[in-house]
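Chemist: no sequence on this one, just coordinates:
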């Protein structure tokens, strides 16, 4: 079982890279907005939405880890200054590793101007309804970046299976191929 965690700031290309990686491997994509957009319809961005999203994700991770699937790709905005995010990642990793799975960490980074452009891309808006209010989405992107550290510091992630990719000038397909090669997926 492989668990590929693709993380980085908003609009860095996590979902698009995950979609391309899914096409060239036997991994299935579970991008973070699959739960967010489902629950936002009922609860907005309130505490109950986040509680249920976390619950759904944990149940899906457990079911996948107990299955005979090849593996799963999950996308995540990891706030490195928030212990709760570290705890979430650790718990998810333990779910897979305790069952003999291998966790692969993929950190994406891109320049702000490129992320602001990607934030408006029709492909992103098609798959993420809560991002369709561009003004609000851009505000959230900038605010989150100011309030939290969304990329790791050098040598902060001490995992055997870790790659960091600046994808400012790379297509999602190029990044997916790099990931596939790095982890022999």
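Modeler: Everything's here; your move. Fair warning: this is a prediction, and the values are worked out from it, not measured in the lab. Numbering: from 1, shown residues only.
Chemist: the bottom helix or strand of the protein by mean pLDDT?
Modeler: Lowest by mean pLDDT, DSSP states H and E among the helices and strands of the chain is helix 122-127, with a mean of 86.
Chemist: now for the helix or strand just after that one, which elements pack on it?
Modeler: Sequence-wise, the next helix or strand downstream of helix 122-127 (DSSP states H and E) is helix 134-147. Under the contact criterion of 3 or more Cβ pairs under 8 Å, 6 or more residues apart in numbering; DSSP states H and E, helix 134-147 touches helix 112-118. The way it works is simple: take the backbone N, C-alpha and C, and place the C-beta from them, glycine included.
Chemist: model confidence over the helix it packs on, on average?
Modeler: Regarding helix 112-118, the rounded mean pLDDT is 96.
Chemist: What is it packed up against?
Modeler: helix 134-147.
Chemist: Show the average pLDDT along the lengthiest strand in the chain.
Modeler: The residue-count maximum for a strand in the chain (DSSP state E) belongs to strand 102-109. In this model, strand 102-109 has an average pLDDT of 98.
Chemist: Can you tell me what sits against it?
Modeler: 1-9, 12-14, 17, 93, 96-97, 151-152, 157, 159, 161-168, 175, 179, 182-183, 185 (Cβ atoms under 8 Å, 6 or more residues apart in numbering).
Chemist: what does stretch 15-31 give?
Modeler: Stretch 15-31 has contacts (Cβ under 8 Å, 6+ apart) with 2, 4, 6, 14, 33, 57, 60, 64, 69-75, 106, 108, 123-124, 127-128, 167, 172-173, 175-177, 179-180, 185.
Chemist: does residue 159 sit in a helix, a strand or a coil?
Modeler: coil (DSSP: H, G, I helix; E, B strand; the rest coil).
Chemist: So the nearest residue to it once chain neighbours are set aside versus residue 139, what's the distance?
Modeler: In space, and not counting its chain neighbours, residue 159 is closest to residue 105: 5.2 Å by Cβ to Cβ, 6 or more residues apart in numbering. Going from residue 105 to residue 139 by Cβ to Cβ, to the nearest Å gives 29 Å.
Chemist: of the two, who's got more company?
Modeler: Neighbours were counted for residue 105 and for residue 139 using other Cβ atoms under 10 Å; residue 105 has more, 21 against 11.
Chemist: So what pairs up with the more buried one in the strands?
Modeler: Residue 105 forms beta bridges with residue 5, residue 162, as assigned by DSSP bridges.
Chemist: and the lengthiest helix in the chain, what other elements does it pack with?
Modeler: For the chain, the longest helix by residue count, based on DSSP state H, is helix 47-65. For helix 47-65, the packing partners by 3+ Cβ pairs under 8 Å, 6+ apart come out as strand 28-30, helix 33-43, strand 71-76, helix 83-97.
Chemist: How far does the last one sit from its chain's centre?
Modeler: Right, the one you point to is helix 83-97. 13 Å (Cα atoms, centre = their mean, to the nearest Å).
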